[in-house]
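[1] Predicted model follows, preceded by the sequence.
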Amino acid sequence: MNLVEMITGQLSNDAVLGSLGSLIGADSRQTKSATAAAVPALLSGLSKLASTDSGAGQIASALGGLDMGMLGNLAGLFGGSNASRAADMGGSLLGSLFGNAGTSMLVNALASFLGMKPGMTKTLLTYLAPVVLGQLASSFKGGKIDARGVQSLLSSQASNITGALPKGLSLGDFVSAATGAVAGGGHHDERRGEERRSTHVDHSHSHSQTRREPEPTGSGFPAWLPLLLLPLLGLGAWWYMNNSAKKPAGNQMAAPNVQMPRNVQPAREIEVKPADTGLELPANLGDAVKIGEDLTGLFGSLTKTLGGVTDAASAESIVPSLKDLLPTLTSIKDRTAALPDAGRAAVKETVGKGMGSLTELIEKVMAIPGVGAILGPVVNPMVEVLKTLGV
């Protein structure tokens, strides 16, 4: 028996790959490649956890609580309303077994290796976790699932798991963090505390499903948004100083009323030109400042809109609002292309200051089960345009 081959074999079905790919926002080829690395990576972490009695006991407890009926049909599992249930199950399993730190390390390691966005990678792991653990549970063939049995099963699969890990994929830090999550109990207790708080907040869902609360993002515009205008304000200050240097010195004293002889012609007015400072005034400066204002507003709208996403339903509700922002983004892109070098450099700096926080928010939102497939087609192209402005 080879656990890795059994699990990846179930996932190689075209219908399953298509459904899973649509959930994470990837095509079938990308999904198959990512799955081939993610499955042994998850099994590797579980094997390390099982190396201690407490870790093996934690895995045995998780296996005993699985809904095996739901896991029997993967094509159905990843489609329709079952996908939301699978995501909730997977998120709970990852949090309880590996903790927040271990899960994040695994996500980052796989995302870096596969060249995928962390949000997509986390969503993939969320859906794969129930499948992997479901196959472990099935291996007991209805017998008693205990810590010793888990240790024996994973120990017998050690060579298969190691052999399936792609070359160049390093999970050392993740495995250590995963072990600490169970041995120390810190991350696990933290996760359970979050779930208890979530259940307390929303009693209406406490008997049907565990509500996954996102990290607070705030409902208003973040305090860093005004800082985005600093580069363009600096450009404006430079223009002002340069323009002031080029103006002739003010000599506004009224000329004395002197009666000139009739045969003397008044002197012609001489135009006094300022000395060349060597600086070139940027064209369309007003456009550059206006673009900066529009960018600040765009970043604020994106932050506020995405910050309200907590699940697939709320993600669906903001799609029209996101699409309303597309004309603004297109206008910013077109107007930036017409700016001189100095103006484009200021826009680039403005985008660079805003992208860090926005990217972090997007990754958190996209990691919510089911959200990536809904928002990806709208958000991803917008991010790409913003990145081109920041290059």
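    Perfect, thanks for sending it.

[2] Every contact and neighbour count from this point should use C-alpha atoms.
    OK.

[3] so what's Thr35 up against?
    The neighbourhood of Thr35, defined by Cα atoms under 8 Å, 6 or more residues apart in numbering, consists of Thr8, Leu11, Leu124.

[4] Could you pick out the one among those with the lowest pLDDT?
    Among these, Leu11 carries the weakest pLDDT, at 85.

[5] if we can go back for a sec, out of the contacts of Thr35, which sit inside helices?
    Among the contacts of Thr35, the members found in helices (DSSP state H) are Thr8, Leu11, Leu124.

[6] where does Ile145 fall, phi/psi-wise?
    phi -100, psi 110 (degrees, to the nearest 10).

[7] what about it, distance to Gln30?
    Here Ile145 is placed at a distance of 35 Å from Gln30 (Cα to Cα, to the nearest Å).

[8] related to what we said a few turns ago, hmm, which of the ones in helices among the contacts of Thr35 are the buried ones?
    Thr8, Leu11, Leu124 (16 or more other Cα atoms under 10 Å).

[9] Quickly note the distance from the last one to Ala367.
    Looking back up the chat, that one is Leu124. Note on Leu124: its distance to Ala367, by Cα to Cα, is 9 Å.

[10] Ok, the first one next?
    Plainly put, Thr8 is 23 Å away from Ala367 if you go by Cα to Cα.

[11] Now distance to Ser321 too, for the buried ones among the ones in helices among the contacts of Thr35, in JSON lines please.
    Formatted as JSON lines, those follow (distance: Cα to Cα, whole Å):
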{"residue": "Thr8", "distance to Ser321": "39"}
{"residue": "Leu11", "distance to Ser321": "36"}
{"residue": "Leu124", "distance to Ser321": "27"}
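
[12] Among these, which one sits closest to Gly25?
    The closest of these to Gly25 turns out to be Leu124 (Cα to Cα; 9.6 Å).

[13] I'd assumed Ile24 was in contact with the closest one.
    Yes. Counting by Cα atoms under 8 Å, Leu124 touches Ile24, with 6.1 Å between them.

[14] My guess is Ser22 contacts Leu375. True?
    No. Counting by Cα under 8 Å, Ser22 does not reach Leu375; the two are 11.6 Å apart.

[15] what's the overlap in contacts for those two?
    By Cα under 8 Å, 6+ apart, no residue touches both Ser22 and Leu375.

[16] pLDDT weak spots in the stretch 251-391 of the chain?
    251-286, 391 (pLDDT under 70).

[17] Could I get the full set of helices for it?
    Taking DSSP state H, counting those that start in this stretch, the helices of the stretch 251-391 of the chain run over residues 285-306, 312-324, 326-337, 341-366, 371-389.

[18] and the angle from the second one to helix 371-389?
    In terms of direction (axes from the mean of the first three to the mean of the last three Cα atoms, to 10 degrees), helix 312-324 departs from helix 371-389 by 30 degrees.

[19] who does helix 312-324 touch, helix- and strand-wise?
    helix 285-306, helix 371-389 (3 or more Cα pairs under 8 Å, 6 or more residues apart in numbering; DSSP states H and E).

[20] which of those helices is buried the deepest?
    Of those, the one with the most neighbours on average (mean count of other Cα atoms under 10 Å) is helix 285-306, at a mean of 20.

[21] what packs against that helix?
    Applying 3+ Cα pairs under 8 Å, 6+ apart, one finds that helix 285-306 contacts helix 230-246, helix 312-324, helix 326-337, helix 341-366.

[22] Mind listing what's buried along the third one?
    When you say that, I think you mean helix 326-337. Burial within helix 326-337, assessed by neighbour count using 16+ other Cα under 10 Å, is assigned to Leu326, Leu329, Ile332, Lys333, Arg335, Thr336.

[23] Same list, the residues you listed, but as a markdown table with distance to Gly65 please.
    Listed next are the buried residues of helix 326-337 as a markdown table, based on distance: Cα to Cα, whole Å:
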| residue | distance to Gly65 |
| --- | --- |
| Leu326 | 45 |
| Leu329 | 48 |
| Ile332 | 52 |
| Lys333 | 52 |
| Arg335 | 57 |
| Thr336 | 56 |
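
[24] more crowded one of Ile145 and Gln30?
    Comparing Ile145 with Gln30 by neighbour count (other Cα atoms under 10 Å), the higher total belongs to Ile145, at 20 against 15.

[25] excluding its backbone neighbours, what's nearest that one?
    Ala60 (5.9 Å; Cα to Cα, 6 or more residues apart in numbering).

[26] Phi, psi for the one you found please.
    The phi/psi pair for Ala60 (degrees, to the nearest 10) is phi -60, psi -40.

[27] do Asn2 as well
    phi -130, psi 110.

[28] for it, what are its contacts?
    Gln157, Asn160.

[29] where's it relative to Thr8, distance?
    10 Å.

[30] again with Thr35
    Separation of Thr35 from Thr8 (Cα to Cα): 7 Å.

[31] Same question for Glu363.
    Between Glu363 and Thr8 the computed distance is 27 Å (Cα to Cα).

[32] repeat for Ile145
    For Ile145, the distance to Thr8 - Cα to Cα - is 23 Å.

[33] try Leu17
    11 Å.

[34] And Thr303, by the same measure?
    Per Cα to Cα, Thr303 is found 38 Å from Thr8.

[35] isn't Leu71 right up against Leu133?
    No. Using Cα under 8 Å, Leu71 makes no contact with Leu133, being 9.8 Å away.

[36] which residues touch stretch 141-159?
    Contacts of stretch 141-159 from elsewhere in the structure, counted by Cα under 8 Å, 6+ apart, are 2-3, 46-47, 50-51, 53-54, 56-61, 63-64, 137.

[37] what comes up buried for the top helix by length along the chain?
    Across the chain, the longest stretch assigned as helix under DSSP H is helix 82-114. Buried positions in helix 82-114, judged by neighbour count with 16+ other Cα under 10 Å: 82-111, 113-114.
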